[in-house]
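In: from the sequence below, what's the structure:
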Amino acid sequence: MNIKSLLHWTIILPILSAVFYFSGLLVHEGWFSVIGAALLIGSVLSAVHHAEVVAHKVGEPFGTIILAICITILEVSLIISLMIAGGEKAMTYARDTVFAAIMLILNGIIGVCIWIGGVKFKEQFFARTSATTSLVSLVAILAMALILPNFTTSKLGPYYTTSQLIFVSFASLMIYGTFLMVQTVRHRNYFIVVSEKEESDTEIAEPPTFFKTFMSLGLLILCLAVVVFMAKALSPTIEGLVEDFGAPKSLVGVIIAAVVLLPEGIAAIRAAKNNKIQSSLNLALGSALASIGLTIPAVSAVCIMYDIPLILGLDKKSIMLLGLSVFTVMLSLSRGKTNILYGMVLLVNLAAYIFYILEP
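Out: Numbering: from 1, shown residues only. Below is the predicted model:
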C-alpha cells in the first residue's frame, strides 16, 4: 500500500476524530461542538466505505452481518456505560434506545430504501424467504422483550423478575443465534438474490487484498467507536438544543440512535440505489435483530450484576406504533417485490412516530 492510499480521507478522518475526542475539547461548546459534529459525520461516511470493502471481500450475507454486529456491540457498550453511571433515565434508557433503533430501522431505513428503489426502478425483487425468516425472529423477541413485561404478574409494573430476565435473555440469544446459523450456513441461499439485470448493470471489480480487508475491518471498528462515543459526548449539546426548541427529552435518544444507525442506513440506501434491495433488507432486518437480540441479554446481565432496576415494557402508545410498524413491514415484504407505495407508507409511519414524540 502506497503513501497516497494511507492519506485517503477514510483513514485520516477517523484518526482525527479519535484524537479530537480524547483531547477533551468536546466538553466545550460553540465551534468545538460544530467541529465535533463535522468529524462525526466524516467518521460515519468512512465507516460506510470500510464496511463496503469488507463486504466485497467476504461476500453476502457476511458483509452485512459484520456491520450490523459491530454497530450493535458498540451500541450495547454505550447503553451499559450510561446505565452504570446511574441517573433518573437509567431504568428506561435501554428500552427507549432499543425501541428508537427498531422504529428507525423498520420505518426509516427500510422505508427510504423501498421508496428510492420504487422511484428509480419501479419494482425491486428479493427473496420472500429471507424477509420471513428475519421477521419471525424479530417479532418473537420484540414481543417477549418490550410488550410481555406489561402483562406478567410476578412483579407489578413494566418490570421483569430476575428469573424472567434470565429466561428472556436466553430466549433472545437462542433465536438470534439460530437466525445467524440459518443466514450464514444452513439456508444461506435465502439471503442471496442475483438477477440478470444486476449482473449486466454491475461492473465486476476485483476483491480487495487480505491486508486491505483487515485494515478496513480495523478502521471500521475505529469509525464505529468514534461515532458512538462522540454521539455520547455531543448528547448534552443536542439535549440543550432540544430543550431550547421546547421538545421532549425523549427526542434526544432518537437523534443519537439516528446518528449511530447512519452507517447502516447509508450502506443500505446505496445498495437500493444500485438495484440490490436484497442487500438493503439483509442489512436493515439483520441490524434490527442484532440490536434487540444482543442488547437485551447484555443489559439484563449488567442490571442483575449491579442490581439496577430495568424497565422494559412499553407504554400503550408505543405498543400501538410498534405493532403498526411491524405489521406494515410484514405486508410490504410479503410478495417478494417492492414498489413506491410501500416505502411511502413506512415513511409516514416514521413521521407519525416522531410526531407523537413531539405531541404526546
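
In: could I get the average pLDDT for the biggest helix by length in the chain?
Out: Counting residues, the longest helix found in the chain (DSSP state H) is helix 210-244. For helix 210-244, mean pLDDT rounds to 80.

In: so how far is that helix from its chain's centroid?
Out: Centroid displacement of helix 210-244 relative to its chain, using C-alpha atoms, centre = their mean, to the nearest Å, is 13 Å.

In: for that helix, packing partners?
Out: Applying 3 or more C-beta pairs under 8 Å, 6 or more residues apart in numbering; DSSP states H and E, one finds that helix 210-244 contacts helix 9-22, helix 31-58, helix 62-85, helix 250-260, helix 262-273. In this view, the C-beta of every residue, glycine as well, is placed from N, C-alpha and C.

In: buried sites along it?
Out: Buried residues in helix 210-244, counted by 16 or more other C-beta atoms under 10 Å: 212-213, 215-217, 219-235, 237-239, 242.

In: ok so, going back, can you tell me which of the helices and strands packed on helix 210-244 is most buried?
Out: Stretch with highest mean neighbour count among those: helix 262-273 (a mean of 23; mean count of other C-beta atoms under 10 Å).

In: part of a helix, is residue 349?
Out: Yes - counting by DSSP: H, G, I helix; E, B strand; the rest coil, residue 349 falls inside a helix.

In: number of residues surrounding residue 209?
Out: When neighbours are counted by other C-beta atoms under 10 Å, residue 209 registers 11.

In: for the protein, which element, helix or strand, carries the lowest mean pLDDT?
Out: For the chain, counting by mean pLDDT, DSSP states H and E, helix 196-201 ranks last in confidence among helices and strands (a mean of 42).

In: contacts for stretch 118-125?
Out: If you take C-beta atoms under 8 Å, 6 or more residues apart in numbering as the criterion, stretch 118-125 is touched by 114, 117, 193, 195, 272-273, 275, 277, 336-343.

In: pull out the buried members of those.
Out: Neighbour-count burial (16+ other C-beta under 10 Å) applied to the contacts of stretch 118-125 gives 114, 117, 193, 272-273, 275, 277, 338-340, 342-343.

In: from these, which land in helices?
Out: Taking DSSP H as the definition of helices, the buried ones among the contacts of stretch 118-125 contribute 114, 117, 272-273, 277, 340, 342-343.

In: any idea how far residue 309 is from residue 155?
Out: Residue 155 sits at a distance of 10 Å from residue 309 (criterion: C-beta to C-beta, to the nearest Å).

In: an error on my part: the question was meant for residue 223.
Out: To residue 309, residue 223 is 34 Å away according to C-beta to C-beta.

In: for stretch 110-125, what is the average pLDDT?
Out: Predicted confidence along stretch 110-125 averages 95 (mean pLDDT).
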